[in-house]
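*Asks:* What shape does this take:
(2 chains)
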Amino acid sequence: MVGFAAAQVTAPPLPQPAAVQGSYPERSVADWLTRMHEASRLRSYVGTFVVSSNNGGMSSSRIWHACAGDQQVERVESLTGPPRSTFRRNEEVVTFLPESRVFRVERRESLGLFPNLLKSYEASIPEFYEARRVGGGRVAGFDTEVVELAPKDNLRFGYRIWSEKKSGLVVKLQTMDAEGNVLEQAAFSELQFDAPVRIDKLSRMMAAPEGWRIEKAEALKTSAAAEGWQLRASVAGFQPITCYKRPVAGAPASGGTLQWIFSDGLAAVSLFVEAYDRQRHVQEGLFSSGATQTLTRRIQDWWLTAVGEVPPQTLKAFAQSLERRK
Amino acid sequence: MDKMEMHELMSAMADGQLQGEAFARGVEVAASNPAALEAWHTYHLIGDVLRSGDFTLGTVPAAFLSRMQIRLHQEQRLAPALQAGARSDATAAPGSSRMPANDASFRWKLVAGFASLAAMAAIGWTVAGPSISKPEKAQLAGAQSGTVLAGTERGVMIRDPRLDELLAAHRQLGGASALQAPAGFLRNATFEGPAR
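*Replies:* Numbers count the residues shown, from 1 in each chain, chains lettered A, B, ... in the order given. So this is what the prediction gives:
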């Protein structure tokens, strides 16, 4: 009877949904990301998108986005630099380059990866990033919730995401380094939901104009192992995603360039490996442009160019770990 | 010659790799082509910055030109002594501290004869290091450099067409991120480099 009374006095603790330390109690990281992704699949919108880097660079484009069922179509008109129109229909991407009258066609697998991507990273993203709601704000006239995805180690950058309150659409995204400096910001400066964007009209614009040169992306899928490469030790959080081989423009006999792609769910790293060429491969070093870091280094008879939206030490870790298979 | 070839030629000339006829050709190209002159100036700046280890911006051409003319005048008086010194690539004369090593060379004087120097070419990349905006920020690469890559120093790097291609490939195929839609894709599409 005493035990029973005691049980009544001290109520059992409330069950905590996925009580991962630091995670926002109402939504997990996976929930946030799913919501953001879905928002883009369900609403049409037009707007102006601006990307700015801490090195002073700024580019902007005009966006049209339409969706119907499973079809997603997007049109991106560059407003900065040489004129360029990019159209996307699900995984198919075409680019119009009016100045050179070139029409480029490619399949971007990564765009179709999301549901699977999230599945494979569902456990690991929270392992390497901590999600925190950090208040709200107005962006392009819309009320937003701000979520911060802070890295738990120094091998990745942090993100601050402004998500439109009603739909969850990402309207502003900042990439930040360890000291909290903003390396890059991508945001809508202007946004209009449910604008009359016709998916069939956009789709029809995706045809090659007469007289233009048609270029098809020549990336062949391969595997690092088949090409003779491996990592001595993996870099924490980063899993290999895929691997492509491409011919090198101007050096057809060189055997091509390998692109080995890794991701931790939010950030991607590409390791480009090609045959060492004394004439072209001159500058070893570490370079940065906004959030994108680049490392170049000679590895025996090869030349590595590692590129990623990750801190320099992460690229160094990859460079030190990359080796030929024995 | 195409742009890539021209850049390589200017780069080789700035590095002192050209001799005799090749060198004369390089000088001719730089004299007749404003873009080449611009590239030469930048490569030279890169070399200076790498040697001195400081991050410096190019100076206003008029100011630079007048300072250089003064120096030229001074050097002409020292020319005979310098000719002998240049061959062994000797360290700078005592008293001229922190001068780039090639200041005293014959090659530098020849190139300095150009009538005008174009403004520095647009720089797309900076070496990860002293941040332009936050002087007190910790030196990112320096703090972490347990291993320093061969030849790496703080400095400025010119935009490289080949690097742009790889960058574009990274953005196109490497976009394996849960932040793809829409921000990731839009960011990459907005950024995609200059038309090939």
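
*Asks:* domains in chain B, as residue ranges please.
*Replies:* Listed by automatic domain parsing, the domain ranges of chain B are B:3-126, B:161-196.

*Asks:* Worst mean pLDDT among the ones you listed?
*Replies:* Looking at these, the lowest mean pLDDT belongs to domain B:3-126 (a mean of 60).

*Asks:* Which strand or helix spans A:H37?
*Replies:* According to DSSP states H and E, A:H37 maps onto helix A:29-42.

*Asks:* can that helix be found next to chain B?
*Replies:* Yes - under the criterion of Cβ under 8 Å from any Cβ of the partner chain, chain B is reached by helix A:29-42 at A:33, A:36-37, A:40-41. All C-beta atoms are positioned from the backbone trio N, CA, C, and that covers glycine.

*Asks:* ok, A:V51 touching A:L183?
*Replies:* No - proximity of A:V51 to A:L183 does not meet the contact threshold set by Cβ atoms under 8 Å, at 11.5 Å.

*Asks:* quick revisit: among the residues of helix A:29-42 next to chain B, which one has the most neighbours?
*Replies:* Among the residues of helix A:29-42 next to chain B, A:L33 has the most neighbours (other Cβ atoms under 10 Å in any protein chain shown), with 28 neighbours.

*Asks:* how near is the closest residue to it other than its chain neighbours to A:W32?
*Replies:* Using Cβ to Cβ, 6 or more residues apart in numbering or on different chains and skipping the chain neighbours, the partner closest in space to A:L33 is B:A178 (4.5 Å). Going from B:A178 to A:W32 by Cβ to Cβ, to the nearest Å gives 9 Å.

*Asks:* go on, B:L45?
*Replies:* Counting by Cβ to Cβ, the gap from B:L45 to A:W32 is 45 Å.

*Asks:* With A:Y129 instead?
*Replies:* Counting by Cβ to Cβ, the gap from A:Y129 to A:W32 is 11 Å.

*Asks:* now swap in A:F188 and tell me
*Replies:* 19 Å.

*Asks:* How about the secondary structure of residue 178?
*Replies:* Assuming you mean chain A. coil (DSSP: H, G, I helix; E, B strand; the rest coil).

*Asks:* look at chain B instead
*Replies:* Using three-state DSSP, the structure places B:A178 in coil.

*Asks:* next one: A:S270
*Replies:* Under three-state DSSP, the three-state class of A:S270 is strand.

*Asks:* okay but it is in contact with B:L173, surely?
*Replies:* Yes - counting by Cβ under 8 Å, A:S270 does reach B:L173; the two are 7.4 Å apart.

*Asks:* quick one: common contacting residues for these two?
*Replies:* Common contacts of A:S270 and B:L173 (Cβ atoms under 8 Å, 6 or more residues apart in numbering or on different chains): A:259, A:261.

*Asks:* neighbour count winner among those two?
*Replies:* A:S270 (28 against 24).

*Asks:* quick one, what contacts the more buried one?
*Replies:* Contacts of A:S270 by Cβ under 8 Å, 6+ apart are A:259-262, A:306-308, B:166, B:169-170, B:173-174.

*Asks:* Over to A:L202?
*Replies:* A:64, A:66, A:73-75, A:87.

*Asks:* Can you say which two of those are spatially most distant?
*Replies:* A:A66 and A:F87 (11.1 Å; Cβ to Cβ).

*Asks:* Quickly list what's touching both of the two.
*Replies:* Counting by Cβ under 8 Å, 6+ apart, the residues touching both A:A66 and A:F87 are A:73-74, A:202.

*Asks:* Out of those residues, which sit inside strands?
*Replies:* A:73-74 (DSSP state E).

*Asks:* As TSV, the shared contacts of A:A66 and A:F87 with pLDDT and distance to B:P182 would be great.
*Replies:* Listed next are the shared contacts of A:A66 and A:F87 as TSV, based on pLDDT from 0 to 100; distance: Cβ to Cβ, whole Å:
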residue	pLDDT	distance to B:P182
A:V73	89	12
A:E74	89	7
A:L202	88	15
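
*Asks:* I'd guessed A:N181 sits against A:N54; true?
*Replies:* Yes - A:N181 is in contact with A:N54 according to Cβ under 8 Å; the separation is 6.8 Å.

*Asks:* Tell me which of those two has more neighbours.
*Replies:* With neighbours defined as other Cβ under 10 Å, A:N181 and A:N54 compare such that A:N54 has more, 21 against 14.

*Asks:* Check the secondary structure at A:R297 for me.
*Replies:* Applying three-state DSSP to A:R297 yields a three-state assignment of strand.

*Asks:* Quick one: neighbours of it, just the number.
*Replies:* By other Cβ under 10 Å, 22 other residues sit near A:R297.

*Asks:* Looking at strand pairing, list the partners for it.
*Replies:* Listed beta-bridge partners, A:R297: A:L304 (assigned using DSSP bridges).

*Asks:* now it: how far from B:Y43?
*Replies:* When distance is defined by Cβ to Cβ, A:R297 is 21 Å away from B:Y43.

*Asks:* Just the closest of the shared contacts of A:A66 and A:F87 to chain B, please.
*Replies:* Chain B lies nearest to A:E74 out of the shared contacts of A:A66 and A:F87, by Cβ to the nearest Cβ, at 7.3 Å.

*Asks:* What helix or strand is the spatially closest residue to the closest one that is not a sequence neighbour located in?
*Replies:* Excluding the flanking residues, the one nearest A:E74 by Cβ to Cβ, 6+ apart is A:R88, at 4.4 Å. Here A:R88 sits within strand A:85-89, counting by DSSP H and E.

*Asks:* Go through the strand or helix carrying A:L191 and flag the buried ones.
*Replies:* Assigned by DSSP H and E, A:L191 belongs to strand A:182-193. Within strand A:182-193, the residues that qualify as buried are A:182-188, A:191, counting by 16 or more other Cβ atoms under 10 Å in any protein chain shown.

*Asks:* Direction included, what does it pair against?
*Replies:* As defined by DSSP bridges, the strand partners of strand A:182-193 come to strand A:45-53 (antiparallel), strand A:170-176 (antiparallel).

*Asks:* CA atoms of it as PDB?
*Replies:* Below are the C-alpha coordinates for strand A:182-193, written out as PDB (Å, rounded to 0.1, in the frame of the first residue of the first chain):
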ATOM      1  CA  VAL A 182      28.500  34.600 -42.200                       C
ATOM      2  CA  LEU A 183      30.400  33.200 -45.200                       C
ATOM      3  CA  GLU A 184      27.500  33.200 -47.600                       C
ATOM      4  CA  GLN A 185      23.900  34.200 -47.700                       C
ATOM      5  CA  ALA A 186      21.200  33.000 -50.200                       C
ATOM      6  CA  ALA A 187      17.900  34.700 -49.900                       C
ATOM      7  CA  PHE A 188      14.700  35.800 -51.600                       C
ATOM      8  CA  SER A 189      14.600  39.500 -51.800                       C
ATOM      9  CA  GLU A 190      11.200  39.300 -53.300                       C
ATOM     10  CA  LEU A 191       8.700  36.400 -53.200                       C
ATOM     11  CA  GLN A 192       5.200  35.800 -54.300                       C
ATOM     12  CA  PHE A 193       3.400  32.500 -53.500                       C
END
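
*Asks:* That's all I had, so thanks and see you.
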